[in-house]
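Engineer: below: sequence and its predicted model.
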Amino acid sequence: MTTDQIILFSLFGAVFGLLLWGRFRYDMVAFSALLVGTVLGVVPASEAFAGFGHPATLVVALVLVVSAGLVRSGAVLLITRTMVDASRSLGAHIAIMGGIGGVLSAFMNNVAALALLMPVDIATARKAGRSPGLSLMPLSFATILGGMVTLIGTPPNIIIAAIREDSLGEPFRMFDFAPVGGVAAIAGLTFVALVGWRLIPNRDSGVGGDQLIELAPYIAELRLPEGS
């Protein structure tokens, strides 16, 4: 291998190690790696920050703006309150929550969709008296699967569309991913709702009163006087 290749592979290994360690913020690790690569000469200085002006980066930023708008409008909370019912079976609950999460993640950031639905899912699990972990993991899978359906559902789709435009002169359109991504999302959600959740370990969740005894070392109590 050449010297540049050795430096690049060493840099990749260091980045992966730091990401797995989790001691430092991911964005700082990635940006520091870019700066180190530029200083060592393996990344051309003239192109070091070209990615920040790439159309895919701007589209992802705009998708985050749309996600914030949906959060602040309260539309998502209204939908979930209307459709989610703690009396349903776990499989039906996963199918409904996963369907909502998949549709949302097709038009907004996957992480934002999951963050919106997590509190609703946890509250429903507590009302039903079951572990939230049994439905949270399927919900996570559903938001990932839903992102494959549209152009803006996940950043890789946007990047691939930009590369296609540079190579062939025409990008992918909004729903060009739907024939493949939609089938994969439906198949994945069906598997998770029918079979997948049965494979998740049913650990103690702390939803019951007796289980709070095990959390005693981590609980703090604060009392406020009447005149406070």
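Structural biologist: Nice, I can see it. It should be emphasised that the depicted structure is a prediction, and the values quoted were computed from it without experimental measurement.
Engineer: low-confidence ranges, this protein, go.
Structural biologist: 56, 67, 70-71, 75-77, 79-81, 83, 203-219 (pLDDT under 70).
Engineer: buried sites along the strand or helix carrying residue 103?
Structural biologist: Per DSSP states H and E, residue 103 falls inside helix 90-107. Across helix 90-107, burial judged by 16 or more other C-beta atoms under 10 Å covers 90-91, 93-107. C-beta coordinates here come from the backbone N, C-alpha and C atoms, glycine included.
Engineer: just stretch 177-193 next, same as before
Structural biologist: Neighbour count says stretch 177-193 has 177-178, 181-182, 185, 188-189, 192-193 buried, by 16+ other C-beta under 10 Å.
Engineer: tell me, how many residues neighbour the residue nearest to residue 165 when sequence neighbours are not counted?
Structural biologist: The shortest distance from residue 165 to any non-neighbouring residue, by C-beta to C-beta, 6 or more residues apart in numbering, is to residue 171 (3.9 Å). Summarising burial for residue 171: neighbours were counted as other C-beta atoms under 10 Å, giving 16.
Engineer: try residue 132
Structural biologist: Other residues close to residue 132 by other C-beta under 10 Å number 19.
Engineer: narrow the buried residues of stretch 177-193 to those in helices?
Structural biologist: Judged by DSSP state H, the buried residues of stretch 177-193 include 178, 181-182, 185, 188-189, 192-193 as members of helices.
Engineer: in terms of helices and strands, where is residue 162?
Structural biologist: Going by DSSP H and E, residue 162 is in helix 155-168.
Engineer: may I have that helix as CSV, with CA atoms only?
Structural biologist: Provided in CSV are the C-alpha atoms of helix 155-168 (Å, rounded to 0.1, in the frame of the first residue of the first chain):
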residue,chain,number,x,y,z
PRO,A,155,-30.0,10.8,3.2
PRO,A,156,-28.5,8.0,1.1
ASN,A,157,-31.4,8.2,-1.3
ILE,A,158,-30.7,11.9,-1.8
ILE,A,159,-27.0,11.3,-2.3
ILE,A,160,-27.7,8.6,-4.9
ALA,A,161,-30.1,10.9,-6.7
ALA,A,162,-27.5,13.6,-6.9
ILE,A,163,-24.9,11.2,-8.2
ARG,A,164,-27.3,10.0,-10.9
GLU,A,165,-27.9,13.6,-11.9
ASP,A,166,-24.2,14.2,-12.3
SER,A,167,-23.7,11.0,-14.3
LEU,A,168,-26.8,10.8,-16.4
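Engineer: elements contacting that helix?
Structural biologist: If contacts are counted by 3 or more C-beta pairs under 8 Å, 6 or more residues apart in numbering; DSSP states H and E, helix 155-168 sits against helix 55-73.
Engineer: so which elements touch the helix it packs on?
Structural biologist: Here helix 55-73 touches helix 110-128, helix 155-168, going by 3+ C-beta pairs under 8 Å, 6+ apart.
Engineer: one step back: can I get the buried residues of stretch 177-193 in CSV including distance to residue 32?
Structural biologist: Output for these, formatted as CSV (distance: C-beta to C-beta, whole Å):
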residue, distance to residue 32
177, 33
178, 38
181, 34
182, 39
185, 36
188, 35
189, 38
192, 37
193, 42
